[in-house]
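**Student:** Need coordinates for the following:
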Amino acid sequence: MKRRREMEKGSEIRSAIEELSMVTVVKVKPGVGGDHHDDDVHIPTKPFLSVCNLVLQVLDKIGPTMAVLRQDVDQNIQRLEKVHESKPSMYSNLVEILKKEEGEGNARKGNSCSKAFLWLTRALDFTVALLQLLLKDSGQIMDEAVEEAYNITLRPWHGWIASAAYRVALKLVPDNKTLIDILKAKDEDLDVLKEEMEALVSLLVPLLQQNHSVLISYGLDRLKST
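**Tutor:** Presented below is the predicted three-dimensional model:
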């Protein structure tokens, strides 16, 4: 209920900025194989998942046209939340979940949390790419912007089944005005929204760079879907 009341007061973008402002990004040197270089890396699980949940709420507002992406994001969030809630103090750092699964030999298997983290990071890559395109040209046709963001971020990791499903969904995205209205807080003007989008991108980029460095260290960065 608290989250819902907060969302009524402002946009998801504003809430994401608040969550990310609490995250300290550590410069990570990618390792090779078991040389992780991650002893000082802390990816706070709750703020990271909160930001992913805000993306989910935007997808909910867009509607059933984004059902494929929404389902992936939702399932991956739930997977990580379940492990975090089992031992909140131990898994307050998401990297600890990756260490656990690697030690058990499960990181690359089935529905692992490691793969959930990978695909949530990629979903945020897509989000950043789309926001950057909209900031560059707010008049760009929306389905073209979404397809370009998809081709840059998600398509290289999708097999033909996933790619076909996404291509159908991405052709049904709302127009520019509808998406802008979805992203804005009530009574917020376009200039303020752009400032918030820029702030969100500036916070997400270093976090995602850190995430990818950690994924490289664990040998997870090249995994593909079917």
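**Student:** Past the helix or strand of the chain with the lowest mean pLDDT, which element shows up next along the chain?
**Tutor:** Taking mean pLDDT, DSSP states H and E as the measure, the helix or strand of the chain with the lowest value is helix 2-9, at a mean of 43. Next helix or strand after helix 2-9 toward the C-terminus (DSSP states H and E): helix 12-20.
**Student:** Give me the packing partners of that next one, helices and strands only.
**Tutor:** helix 45-62, helix 190-217 (3 or more CB pairs under 8 Å, 6 or more residues apart in numbering; DSSP states H and E). In short, each C-beta sits where N, CA and C put it, glycine included.
**Student:** Nearest to residue 108, out of these?
**Tutor:** Taking CB to CB, helix 190-217 is the member of those nearest to residue 108, at 11.7 Å.
**Student:** Off-centre distance for that closest one?
**Tutor:** Helix 190-217 sits 10 Å away from the centroid of its parent chain (CA atoms, centre = their mean, to the nearest Å).
**Student:** got a list of what the most centrally placed residue in the chain touches?
**Tutor:** Among the residues of the chain, the one closest to the centroid is residue 124, at 2.7 Å (CA atoms, centre = their mean). Applying CB atoms under 8 Å, 6 or more residues apart in numbering, we find residue 124 in contact with 51, 52, 55, 204, 207, 208, 211.
**Student:** That one is in what secondary structure piece?
**Tutor:** Using DSSP H and E, residue 124 sits in helix 113-136.
**Student:** okay, the angle between that helix and helix 12-20?
**Tutor:** 130 degrees (axes from the mean of the first three to the mean of the last three CA atoms, to 10 degrees).
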